[in-house]
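Asker: Sequence and computational prediction follow.
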Amino acid sequence: MAMDTLGEQVDIHGGGTDLIFPHHENEIAQSESLTGKRPFVHYWVHTGMLTLPSGEKMAHSGRFVTVSSVLASGVPGPALRMYLLGQHYRSPLTFSEEQIAASGVRWRRWADTDATLTRLITWAEDKLGADAPAAEPGERERALGEQVRAAREAFVAAMDDELNTSPALAAIDELVHRANDYAHGLGDTPPTSATLAALREAQRVLRELSDVLGIALVDVADTTALPAATSELDRSRPHPSRAGRNVSRRHQGHAARRHLDRTRLARESR
């Protein structure tokens, strides 16, 4: 079946760690004996088991928690994805409603930050014009720029470390924290073109990195409203929300491919 769909050699093959032996080793032996081509699979990606709090493997216990049931309980889809990415894919994961709820709070912080940045960008554009000429950044703008670059570098380093998503999420947390600090610090100061540039860059990188992980900053199951802003500064200003988010998706495929190209996944079945 795999050969019929993917050919005689496969780039990436996934499965649980419990399938390394004998299933995947047999798959290698059978396929390579048939075709004479080696390797059958270039990269193996084996995930840890999802277990119940009792320690039983969910796949073997006869008890299951489905994605649809979690979403039906009110957990936003992006928050569930964040929970599942919360540790390295090789590590076992114990199902925890408390940790899923914490991931919901964490995701909401990201979504609120993106919404706040959107409103502040709109506010600055209304004051300056969307095509305001560039200006020399001030001390706060330079500091934010350095923090944004550092967060992006930390994210890339984590993903290059065999798709280590836990510190990658932490890098985005740091970016969100710094962007919120900058937004709170604006106070009643009129925006400058440097302010606008700093806000745009923070949002661009936030969206780029969350896109790589497939974590949407708006819950597609609830399109009636954008997330509420958390900043008192933001609530004190009557900025209209942008009608269109203009999120660029072109980074996602390129970035994900770069991470896969540069990451050598261990061939566990050898």
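Answerer: Here it is on my side, so go on. For clarity, every value in this text was computed on a predicted model and none was experimentally measured. Numbering: from 1, shown residues only.
Asker: next one: phi and psi at T47?
Answerer: As for T47, its main-chain torsions (degrees, to the nearest 10) stand at phi -100, psi 150.
Asker: quick one, what contacts it?
Answerer: Contact partners of T47, counting by C-beta atoms under 8 Å, 6 or more residues apart in numbering, are 14-17, 89-90. For the C-beta atoms, the positions are set from N, CA and C on the backbone; glycine is no exception.
Asker: What segments of the protein are strands?
Answerer: When assigned using DSSP state E, the strands of the chain occupy the ranges 10-16, 41-47, 50-51, 93-94.
Asker: which of those sits most buried?
Answerer: Among the strands of the chain, strand 41-47 has the highest mean neighbour count (mean count of other C-beta atoms under 10 Å), at a mean of 18.
Asker: Describe which strands it pairs with in its sheet and in which direction.
Answerer: In its sheet, strand 41-47 lies beside strand 10-16 (parallel), with partners assigned from DSSP bridges.
Asker: Now find how far off-centre the strand it pairs with is within its chain.
Answerer: 21 Å (C-alpha atoms, centre = their mean, to the nearest Å).
Asker: So what touches that strand?
Answerer: Applying C-beta under 8 Å, 6+ apart, the external contacts of strand 10-16 come out as 2, 23-24, 40-49, 59, 260, 265.
Asker: Which of the residues you listed sits closest to V70?
Answerer: Comparing these against V70 with C-beta to C-beta places A59 closest, at 16.6 Å.
Asker: got any ranges where the stretch 1-150 of the chain has weak pLDDT?
Answerer: When residues are selected by pLDDT under 70, those of the stretch 1-150 of the chain lie in 59-61.
Asker: Any figure for the gap between the closest residue to D219 other than its chain neighbours and T66?
Answerer: With sequence-adjacent residues excluded and distances taken as C-beta to C-beta, 6 or more residues apart in numbering, D219 is closest to P76, at 4.1 Å. According to C-beta to C-beta, to the nearest Å, P76 and T66 sit 16 Å apart.
Asker: higher neighbour count, those two?
Answerer: Comparing P76 with T66 by neighbour count (other C-beta atoms under 10 Å), the higher total belongs to P76, at 21 against 8.
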